[in-house]
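In: Got a predicted model here, sequence first, then my questions.
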Amino acid sequence: MPPLRRTVKCKDFVLCGLGLMAALSPCIAAATLGEPESSVQADAAQVKGSIKSTSRVNYRLHEIQLPSGTAVREFAGPDGTVFAVAWNGPSMPNLRQTLGRYFDGYVAGAKANRLGHHRLSIQQSDLVIQSGGHMRAFSGLAYLPMAVPAGMNLADLR
């Protein structure tokens with residue numbers, strides 16, 4: 001008699017992926033959206049990632065290269081607050097850590113604003129999140145519209 005085979009289907013790719021990431025990658029972290037930029041250095045050390053920081057006209061960009069190959073870009077305004085995070089690479093960063101207090105809004109928005117199995121767009125007055133991809137090719141962006149420095153082009157957040 002052949003062994004039984006079970007097929008598991010996930011109808012909500014975003015939430016299943018989110019749960020899987022939270023369970024399997026608790027060590028992947030980044031500075032938290034809306035929090036002080038001082039956490040960037042500590043987070044890079046915690047994940048054994050390399051960090052490159054660049055000052056721009058009205059913000060600072062910190063790029064952490066995670067051992068997994070994923071790059072996490074953190075944007076801090078003149079006041080020292082992380083106003084945006086972006087990522088791309090073969091794996092997702094730990095979004096619970098990266099989004100901090102905005103994570104619950106992400107989960108709620110993921111249920112309501114899915115654009116298909118591989119894309120998500122949430123646009124609220126205090127939070128914008130765009131995320132998409134598939135295995136080994138994830139990318140995303142989260143930012144606080146009210147905290148974006150005046151005169152900054154949002155295209156620079158990619």
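Out: Yep, that arrived.
In: which stretches of this protein aren't confidently modelled?
Out: Applying pLDDT under 70 to the chain picks out residues 1-31, 42-43, 45-47, 113-117.
In: rerun that using 50 as the cut-off
Out: The chain contains residues with pLDDT under 50 at 4-29.
In: Where do the strands of this protein begin and end?
Out: Defined through DSSP state E, the strands belonging to the chain, from first to last, are 50-55, 60-65, 71-76, 82-89, 119-123, 128-134, 137-143.
In: got the CA positions of the fifth one in PDB?
Out: If I follow you right, that is strand 119-123. Presented in PDB, the C-alpha positions along strand 119-123 are these (Å, rounded to 0.1, in the frame of the first residue of the first chain):
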ATOM      1  CA  ARG A 119       1.400  41.500  -3.700                       C
ATOM      2  CA  LEU A 120       0.100  43.600  -0.900                       C
ATOM      3  CA  SER A 121      -0.600  47.300  -0.700                       C
ATOM      4  CA  ILE A 122      -1.800  49.100   2.400                       C
ATOM      5  CA  GLN A 123      -2.400  52.900   2.300                       C
END
